[in-house]
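J.: Any chance you can model this:
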Amino acid sequence: MWGQPPSAVRRAQLDWRAEAMKAQVYSADVANRFAAVAQEFCSIIESASKTDRTTLLMNVYGVLPLLISGAISLPNFELSEEDDATEREEQSPSRPSVRMTDEQWGQLYNQLKEKLGDWNLYQCVFDPTTDKKAICGSLADDIADIYRDLKEGLVCGKMHQAKPQDIVWTWRLLYYSHWGHHAMDALLVIHFRLEDTLS
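T.: Numbers count the residues shown, from 1 in each chain. Now for the predicted structure:
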């Protein structure tokens with residue numbers, strides 16, 4: 001913009017701000033849609049004791065693709081120094097944690113394991129691009145881990161304990177580093193478990 005008249009510079013600044021505002025609105029919309037799907041998933045799991053095994057898996061099967069698609073679409077925010085400082089403060093022992101304790105996770109896992117029965121365990125490879133040896137997976141473990149990673153962000157948002165962009169950043173990070181793998185495995189396993197029911 002060197003040598004441009006002030007009016008041209010001003011127009012460029014206004015255009016940039018308009019685009020930035022559009023990006024913010026789009027990011028907020030995507031994040032809100034994902035939060036709604038995450039809440040639906042968590043509600044399904046929280047009511048698992050009231051449904052039979054097939055209905056539970058049908059409900060999870062319906063929402064998992066939306067979670068995966070939504071997570072891939074989450075905006076890639078970058079944490080500022082202020083956000084880093086806030087994160088350190090939130091991790092302080094003096095600040096109450098909203099993340100499920102290991103004991104709470106264990107209770108959910110055992111509830112799901114009992115509900116799923118002989119549909120719980122399955123064979124898989126951790127990384128299909130490199131691994132050749134199959135390992136044993138657990139559908140109850142997959143579902144409980146997805147629930148814990150999503151629920152923390154929902155609770156933080158409800159209690160205003162974190163900025164919305166921080167919650168989105170964490171959801172996106174955990175999708176690629178943790179719960180996304182569980183979601184992919186669970187979706188494939190449920191597909192085969194429900195094959196006779198759906199066909």
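J.: any idea which helix or strand of the chain has the worst average confidence?
T.: The helix or strand of the chain with the lowest confidence, counting by mean pLDDT, DSSP states H and E, is helix 81-90 at a mean of 50.
J.: mind listing the helices for the protein?
T.: With DSSP state H as the criterion, the chain has helices at 6-46, 53-73, 81-90, 102-116, 139-159, 164-174, 180-193, 195-198.
J.: so which of these gets nearest T130?
T.: helix 180-193 (13.8 Å; C-beta to C-beta). For every residue, glycine as well, the C-beta is placed using N, CA and C.
J.: ok now that closest one, how far from the chain's centre?
T.: Centre-to-centre, helix 180-193 and its host chain are 15 Å apart (C-alpha atoms, centre = their mean, to the nearest Å).
J.: Just the buried residues of it, please?
T.: G180, H181, H182, A183, D185, A186, L187, V189, I190, R193 (16 or more other C-beta atoms under 10 Å).
J.: before we move on, the earlier item: mind checking which of the helices of the chain is nearest C124?
T.: With C-beta to C-beta as the measure, helix 180-193 is the member of these nearest C124 (5.8 Å).
J.: what's that closest one in contact with?
T.: 57, 60-61, 64-65, 67-68, 71, 119, 122, 124, 137, 139, 141-143, 145-146, 174-175 (C-beta atoms under 8 Å, 6 or more residues apart in numbering).
J.: just stretch 28-47 next, same as before
T.: 56, 59-60, 63-64, 66-67, 70-71, 73-75, 108, 112, 143, 146-147, 150-151, 153-154, 157, 164-165, 167-168, 171.
J.: Now restrict those residues to buried residues only.
T.: Buried among the contacts of stretch 28-47 by 16+ other C-beta under 10 Å: 56, 59-60, 63-64, 66-67, 70-71, 74-75, 108, 112, 143, 146-147, 150-151, 153-154, 157, 164-165, 167-168, 171.
J.: Perfect, that will be all.
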